[in-house]
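Participant: Provided below are the primary sequence and the corresponding predicted coordinates.
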Amino acid sequence: MSDAKAPLLIKRYASRRLYNTETSDYVTLEDISGFIRDGREVKIVDLKSGDDLTRQYLLQIVAEHESRGESVLPIAVLTDLVRSYTTQAQSVVPEFLAMSFDMLRDGQSKMVENMAAMNPMAKMPGFEAMRAQQEQFIKAMTGGMGVPRDDEDDESGDAEDELAEIKKQLADLQSKLNKL
């Protein structure tokens, strides 16, 4: 078994095909996105030059998700990102974004832990359903980042309806925040 801390090495051939060195097969951007959602770090390098292409491909994955209507980044954030490339703030923006995501990931993990451990409400009927719904909300907000994976099959019909409702509520909240 490979070291979980070592990034998964993906090599890009001259034909632009992406090769997973661990499983010895070709992968797509969607496969790489899945590896990342599963908590795996990836490193994508050009086979011939050895150049690190990870940033380029991660940006492409984000752009594809955004173009399919899976919008996570509000227009204001995208505008600020573009603006940061043309101002002197560019040195602060990457650090700020990294720290923000770290805080979000840590806070969400702690929230899930606190809900499950030593919560007097845990004995109330229906608490598990409420906790599951809250976890789905957190996953929807953060794209599943930092939430422990549950390998059990969900009741996909109800879960999809609940997720759609949560996404709608989140969009409404984002709209209100943008107005402020």
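Facilitator: That came in fine, so what should we check first? Residues are numbered from 1 along each chain as shown.
Participant: which ones are touching residue 29?
Facilitator: By C-beta atoms under 8 Å, 6 or more residues apart in numbering, the contact list for residue 29 reads 18, 57, 60-61, 64. Using the backbone N, CA and C atoms, a C-beta is placed for each residue, glycine as well.
Participant: quick one: it and residue 86, what's the gap?
Facilitator: Separation of residue 29 from residue 86 (C-beta to C-beta, to the nearest Å) stands at 28 Å.
Participant: Please apply the same query to residue 168.
Facilitator: For residue 168, the distance to residue 86 - C-beta to C-beta - is 35 Å.
Participant: Point out where the chain drops to low pLDDT.
Facilitator: Low-confidence segments of the chain, defined by pLDDT under 70: 1-4, 87-93, 108-109, 111-125, 127, 139-159, 180.
Participant: Could you list the domains of it?
Facilitator: 8-67, 75-179 (automatic domain parsing).
Participant: The longest one spans what distance, first to last residue?
Facilitator: I take that to be domain 75-179. End-to-end distance of domain 75-179: 13 Å, with C-alpha to C-alpha, to the nearest Å as the criterion.
Participant: One more: the shortest one?
Facilitator: End-to-end distance for domain 8-67, by C-alpha to C-alpha: 26 Å.
Participant: quick one, strands of this structure?
Facilitator: 8-12, 18-20, 25-27, 42-46 (DSSP state E).
Participant: follow-up on the earlier one: deepest-packed of the domains of the chain, please.
Facilitator: Mean neighbours per residue, mean count of other C-beta atoms under 10 Å, is largest over those for domain 8-67, with a mean of 14.
Participant: so what's residue 26 up against?
Facilitator: Each residue near residue 26 by C-beta under 8 Å, 6+ apart is listed here: 17-20.
Participant: change it to 7 Å
Facilitator: 17-19 (C-beta atoms under 7 Å, 6 or more residues apart in numbering).
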